[in-house]
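Enquirer: fold the following and give me the result.
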Amino acid sequence: MDKHLIRNFSIIAHIDHGKSTLADRLLEYTGTVEKREFREQMLDTMDLERERGITIKASAVRLLYKADDGVEYVLNLIDTPGHVDFTYEVSKSLAACEGALLVVDASQGVEAQTVANLYMAMEHNLKIIPVINKIDMACANVQRVKAQISKILKLNPEDIILASAKEGIGTKEILESIVRKIPHPIGEDKSPLQALIFDSVFNTYKGVVSYVRVVNGHILPGMKIKMMATDKPYEIEELGILAPTRQTLVQRLDCGEVGYISCNIRNVKDIVIGDTITGAKVAAAEPLPGYRKFQPMVFCGIYPVNNKDFPQLRQAMEKLRLNDASFVYEPESSVQTGYGFRCGFLGLLHMEIVQERLEREYNLNLILTVPNVVYKVRKIDGQTLELDSPAKFPPPQEIADFQEPFIRAFIMLPAQNMGEIMELAQSRRGKYLSTEYLSEDTVKLVYELPLAEVIVDFYDRIKSLTRGYGSLDYELKGYQSTRLVKLDILINDKVCDALSSIVHKDKVQAKARRLVEKMKELVPRQLFQVAIQAALGTQIIARETVRPLKKHVTGKCYGGDITRKRKLWEKQKAGKRRMKQFGNVQIPQEAFMAALKI
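Expert: Numbers count the residues shown, from 1 in each chain. Presented below is the predicted three-dimensional model:
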């Protein structure tokens, strides 16, 4: 195929600005999907994406469009997520493209993730086409949004396309702009093969199916290739292009094209996202740049409820990581929950999505421990440790200095809500840095905040206080010295390490009190008394007691001497002491989920 007729582009935007709906209109207009097969959110293939109304995975599809100049062009579209937790997916997509549609909601305007995605696209030297979406809404303010795009994003207002993805307005203008403004791929068809793996999935019958962008050279069925990261040779068994309803086999993928390959690879560890495919006989001199690694922000333990499911959980995580390279894990064990994995995520939403995917796609029942970030500890002997789990917390007498990660948060919000948001940031140990008025009614606040204070519900609180108009983006700033302690939860004098957490010293008392009160509500009553305690080392700082279930052992005693009843009561008391000594308290999943939210 002539590479001058190929256009590779992504759709980027803040969450809920209409990326998936715009992709639907492009599929409809170009006739890529027949009407009888069409459904809303066509490129959101997971049930989880459709239920939550968000894009989790980047999806690639090929469109054929006959432009006004009479020439038929091949458009490779990659729809991307909008939430900050899935920035890695956006980064992968942009590396495989030459241009991007930047979609901005006509009522919401420019938001934090809009700016972040634009800068990421500029790092990849992509051609940006700004689109103002949802112009048909009653609350749309097109002139205000145009001014924001010009002032904040520094884009030419004459290039802006007005559209309504819901009504199909502006679809043709967008397609014509893609053809005219986005450059064609560069590369040499006669050079040694260099193809970038930008995604992979596991198929029961085909093994690992890799999605590739051919940068140089070409791929043919039966061709001998090798992966440059592992240096392992394979043979192409199946070659095709990506379509929303079915995959179409082809006899060749040329320079600049996007498609998929299958080599019957059964070991998922043999494929690395961002790796370069080259020819086995005539190999490229060096691999493609690949992707920038995103460091996990949040860590938690994932354990199967039934320990017999541990091998199945290991296989599920290997296959999931093939599809989500930003997810990391390593084995660990716990006294209460048995064998499991310590897992790293880009954020709390990413953690929730991974849990749901493991439970749905692989039929697992899981327990998650309290999430925490990575702390650094400098011991008295000079050794520095990285703590991603409270279980690794050293004895307090050995600690010389404690450091936690801080972020620089960029909060965009209506000016009328500035006081409430500043108060929220101060309550999360935030340090005020600057204020910038982007327009008459839009403000950007910059704060320095501990990452641990942001990961749980900070974004939700911003949305709540600003009635949905506030937005958040952040970047990791580094580590700073702080005062942290390990908070243990004891169930009947036994430490439940799955509920242990690392907390700032000023907030430990309040968190301990809320935790034990919540545990009292959720831990089921036993035939013996259950003591729930929060402790700092050997010091108990909060306690609640779950009352035992009563058994009326003297119910059959009618009259008679009181010593007969006392004898039964003493026997019951001794039995309860023995039961408490050997009995185990089963902590329900709801208790762990409640701990996540405190």
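
Enquirer: now do the SS call for the residue most central in space within the chain.
Expert: By Cα atoms, centre = their mean, the chain has its centre lying nearest to residue 350, at 2.5 Å. On the three-state scheme (DSSP: H, G, I helix; E, B strand; the rest coil), residue 350 is labelled helix.

Enquirer: ok, it - contacts?
Expert: 85-86, 298, 326-327 (Cβ atoms under 8 Å, 6 or more residues apart in numbering). C-betas here are computed from N, CA, C, even on glycine.

Enquirer: of the residues you listed, buried ones?
Expert: Neighbour counting over the contacts of residue 350 (16 or more other Cβ atoms under 10 Å) leaves 85-86, 298, 326-327 as the buried ones.

Enquirer: residue 353 belongs to a helix?
Expert: Yes - according to three-state DSSP, residue 353 belongs to a helix.

Enquirer: relative to residue 81, how far out is it?
Expert: Computed as Cβ to Cβ, to the nearest Å, the residue 353 to residue 81 distance reads 10 Å.

Enquirer: next: residue 204.
Expert: 26 Å.

Enquirer: and residue 353 and residue 81? Which one has more around it.
Expert: Between residue 353 and residue 81, residue 81 has the larger neighbour count (other Cβ atoms under 10 Å), namely 27 against 24.

Enquirer: so where's the stretch 201-350 of the chain uncertain?
Expert: Applying pLDDT under 70 to the stretch 201-350 of the chain flags residues 244-246, 291-294, 335-336.

Enquirer: okay, and the beta partners of residue 300?
Expert: residue 343 (DSSP bridges).

Enquirer: that one against residue 373, yeah?
Expert: No - at 10.4 Å, residue 300 does not count as touching residue 373 under the criterion of Cβ atoms under 8 Å.

Enquirer: what about the two, which has more around it?
Expert: Counted by other Cβ under 10 Å, residue 300 and residue 373 do not tie: residue 300 has more neighbours, with 23 against 20.

Enquirer: for the more buried one, give me its contacts.
Expert: 342-343, 345, 351, 368-372.

Enquirer: picking up where we left off before, would you turn the buried ones among the contacts of residue 350 into TSV with distance to residue 484 and secondary structure?
Expert: Output for those, formatted as TSV (distance: Cβ to Cβ, whole Å; DSSP: H, G, I helix; E, B strand; the rest coil):
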residue	distance to residue 484	secondary structure
85	24	helix
86	29	helix
298	16	strand
326	26	coil
327	26	coil
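
Enquirer: which one of those residues is nearest residue 515?
Expert: For the buried ones among the contacts of residue 350, the closest approach to residue 515 (Cβ to Cβ) belongs to residue 298, at 18.8 Å.

Enquirer: any idea how far the closest one is from residue 240?
Expert: Distance of residue 298 to residue 240, computed by Cβ to Cβ: 37 Å.

Enquirer: equivalent analysis for residue 144, please.
Expert: 45 Å.

Enquirer: what ranges does the stretch 251-400 of the chain have for its strands?
Expert: Along the stretch 251-400 of the chain, the segments classed as strands by DSSP state E, counting those that start in this stretch run 258-262, 276-279, 298-304, 328-334, 338-345, 366-368, 375-379, 384-387, 399-414.

Enquirer: mind giving me TSV with these and columns for distance to residue 105?
Expert: Below are those laid out as TSV (distance: least, Cβ to Cβ, whole Å):
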stretch	distance to residue 105
strand 258-262	28
strand 276-279	37
strand 298-304	28
strand 328-334	33
strand 338-345	27
strand 366-368	33
strand 375-379	38
strand 384-387	40
strand 399-414	13
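
Enquirer: how close does residue 459 get to residue 411?
Expert: 10 Å.

Enquirer: same question, residue 301
Expert: According to Cβ to Cβ, residue 301 and residue 411 sit 31 Å apart.

Enquirer: kindly report the same for residue 118.
Expert: The value you get for residue 118 to residue 411, if Cβ to Cβ is used, is 17 Å.

Enquirer: also residue 263?
Expert: From residue 263 to residue 411 the distance is 47 Å (Cβ to Cβ).

Enquirer: now do residue 153
Expert: Residue 153 is 18 Å from residue 411, where distance means Cβ to Cβ.

Enquirer: same check, this time on residue 194
Expert: Look at residue 194 and residue 411: by Cβ to Cβ, they are 42 Å apart.

Enquirer: neighbour count winner among the two?
Expert: residue 411 (27 against 24).

Enquirer: for residue 453, give its distance to residue 424.
Expert: 10 Å.

Enquirer: ok, now residue 191?
Expert: For residue 191 relative to residue 424 (Cβ to Cβ), the value is 55 Å.

Enquirer: then residue 552?
Expert: Applying Cβ to Cβ, the value for residue 552 to residue 424 is 52 Å.

Enquirer: please, where are all the helices along the stretch 451-598 of the chain?
Expert: Ranges of helices within the stretch 451-598 of the chain are 451-454, 458-465, 508-522, 562-582, 589-596, based on DSSP state H, counting those that start in this stretch.

Enquirer: just send the buried ones among the contacts of residue 350 back as JSON lines, with distance to residue 74 too.
Expert: Output for the buried ones among the contacts of residue 350, formatted as JSON lines (distance: Cβ to Cβ, whole Å):
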{"residue": "85", "distance to residue 74": "32"}
{"residue": "86", "distance to residue 74": "27"}
{"residue": "298", "distance to residue 74": "40"}
{"residue": "326", "distance to residue 74": "29"}
{"residue": "327", "distance to residue 74": "32"}
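
Enquirer: biggest separation within the residues you listed, which pair?
Expert: Using Cβ to Cβ, these span at most 13.6 Å, a distance reached by 86 and 298.

Enquirer: which parts of the stretch 101-250 of the chain are strands?
Expert: Taking DSSP E, counting those that start in this stretch to define them, one finds strands in the stretch 101-250 of the chain at 127-133, 161-162, 194-203, 207-216, 224-227, 232-235, 238-241, 248-249.

Enquirer: my read: residue 296 touches residue 347, true?
Expert: No - if you go by Cβ under 8 Å, residue 296 and residue 347 don't touch, sitting 9.4 Å apart.

Enquirer: residue contacts, residue 128?
Expert: The neighbourhood of residue 128, defined by Cβ under 8 Å, 6+ apart, consists of 99-100, 102, 118, 121-122, 155.

Enquirer: nope, residue 172 is what I meant
Expert: By Cβ under 8 Å, 6+ apart, the contact set of residue 172 is residue 29.

Enquirer: please report how far it lies from residue 67.
Expert: The gap separating residue 172 from residue 67 is 10 Å, by Cβ to Cβ.

Enquirer: likewise for residue 7?
Expert: Residue 7 is 10 Å from residue 67, where distance means Cβ to Cβ.

Enquirer: looking at these two, which has the bigger crowd around it?
Expert: A count of neighbours by other Cβ under 10 Å puts residue 7 above the other of residue 7 and residue 67, at 26 against 15.

Enquirer: confirm that the more buried one sits in a strand.
Expert: Yes - per three-state DSSP, residue 7 lies within a strand segment.

Enquirer: thanks again, I'm all set now.
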